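In: The following block contains a protein sequence and its predicted model.
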Amino acid sequence: MRFFRPGFPAYCLYPEAIFRVKTNSRILYLTFDDGPDPVSTPVILKILKRHGVRAVFFCNGVKAGKHPDLITSILEAGHLLGNHTYNHTDGWRTESKEYISDVLKTSPFTSDKLFRPPYGRLKLKQYRELKKRFKIVFWDVMPYDFDSEFGAGRSLRVLKEKIRPGSIIVLHDKPASSAIDFLDEFITFATGIGFEFKYEIQ
C-alpha cells in the first residue's frame, strides 16, 4: 500500500517539523531528494530555469562532496540546499549519537539550516536533538517518482489530484526517478490553475 501523504502519527511524533506550509494562498514548494547527480541534476535545473521556478535540493553529503560543481550549479541558479544525511542514513536503524554525527558531518557540504530525514524515519531522540539545530522538513505529497513500477503517468496524476495550498512536494534527483519525465508538464499544469511556486519554506 502506498501513502501519498504522511500518516497522522507522523504529525504527532514530530509536531514542530514542517509537512505543509500554513497558507490559504495557492502556493507550492518543490523539493528534490538524494542528489546531486550528474545525469538528473542538470536536466532538473534546466526545466526549473525554463519555468522560472526555484526549489530546495536535499542532498546527501557523499554525493555533494563528490560533485561540488553540481552543488555550485544548484546555488548559482538560486535554489536552496538541504541536509539529507551523509549517505542516506536510516534513522530507525542507526544509533542516535551516530545518526546525529552523520547529519552534522553533512552540513558543510549541504546545509546547517534545513534537514530532511531519509525515508522520513527519525527516532524521537534524534528528532529532539536535531530540531534544536535545524528546521526539519518532511512533505505533504509523495508521488512515488522513485518507484519504477508506479510510472510517470501515475505520479503525475497523484500530484494533480493531491496538491493544495502550501503543499511541500517531494521528488527525487536521481536517474531512477521518473520526475524528469513529468516535471515540465506538472509545473505547466500547476501554474495553469493558478498555483505559484516558492522555495523558502517557513
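Out: Everything's here; your move.
In: would you put the C-alpha positions of stretch 32-51 in CSV?
Out: The C-alpha coordinates for stretch 32-51 follow below in CSV (Å, rounded to 0.1, in the frame of the first residue of the first chain):
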residue,chain,number,x,y,z
PHE,A,32,14.3,17.1,-4.6
ASP,A,33,16.0,14.4,-2.5
ASP,A,34,19.1,12.2,-2.9
GLY,A,35,21.2,14.3,-5.3
PRO,A,36,23.2,15.8,-6.7
ASP,A,37,23.6,13.5,-9.7
PRO,A,38,25.5,14.2,-13.0
VAL,A,39,22.7,12.8,-15.1
SER,A,40,19.5,14.1,-13.4
THR,A,41,20.5,17.3,-11.7
PRO,A,42,21.3,19.3,-15.0
VAL,A,43,18.0,18.2,-16.5
ILE,A,44,16.0,19.2,-13.4
LEU,A,45,17.9,22.6,-13.3
LYS,A,46,17.1,23.2,-17.0
ILE,A,47,13.4,22.5,-16.5
LEU,A,48,13.2,24.7,-13.4
LYS,A,49,15.0,27.5,-15.2
ARG,A,50,12.6,27.3,-18.2
HIS,A,51,9.7,28.0,-15.8
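In: Mind listing what's buried along it?
Out: Neighbour-count burial for stretch 32-51, counted by 16 or more other CB atoms under 10 Å, picks out 32-37, 40-41, 43-45, 47-48. For glycine as for every other residue, the C-beta is placed from the backbone atoms N, C-alpha and C.
In: which strands and helices sit next to the longest helix along the chain?
Out: Longest helix in the chain by number of residues (criterion: DSSP state H): helix 179-192. Helix 179-192 sits against helix 40-51, helix 152-162, strand 167-172, strand 196-198, with contacts defined as 3 or more CB pairs under 8 Å, 6 or more residues apart in numbering; DSSP states H and E.
In: how about the last one: buried residues?
Out: Meaning strand 196-198. F197, K198.
In: ok, that strand: who's next to it in the sheet?
Out: strand 27-33 (parallel) (DSSP bridges).
In: got the angle for the longest helix of the chain vs strand 27-33?
Out: 170 degrees (axes from the mean of the first three to the mean of the last three CA atoms, to 10 degrees).
In: hmm, back to that, turn the helices and strands packed on helix 179-192 into a markdown table, columns for distance to R5.
Out: Listed next are these as a markdown table, based on distance: least, CB to CB, whole Å:
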| stretch | distance to R5 |
| --- | --- |
| helix 40-51 | 23 |
| helix 152-162 | 7 |
| strand 167-172 | 9 |
| strand 196-198 | 19 |
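In: which one of these lies closest to L122?
Out: strand 167-172 (15.2 Å; CB to CB).
In: So V137 sits against V170, correct?
Out: No - using CB atoms under 8 Å, V137 is not in contact with V170; the gap is 9.1 Å.
In: Overlap in contacts, the two.
Out: Counting by CB atoms under 8 Å, 6 or more residues apart in numbering, the common neighbours of V137 and V170 are T31, R116.
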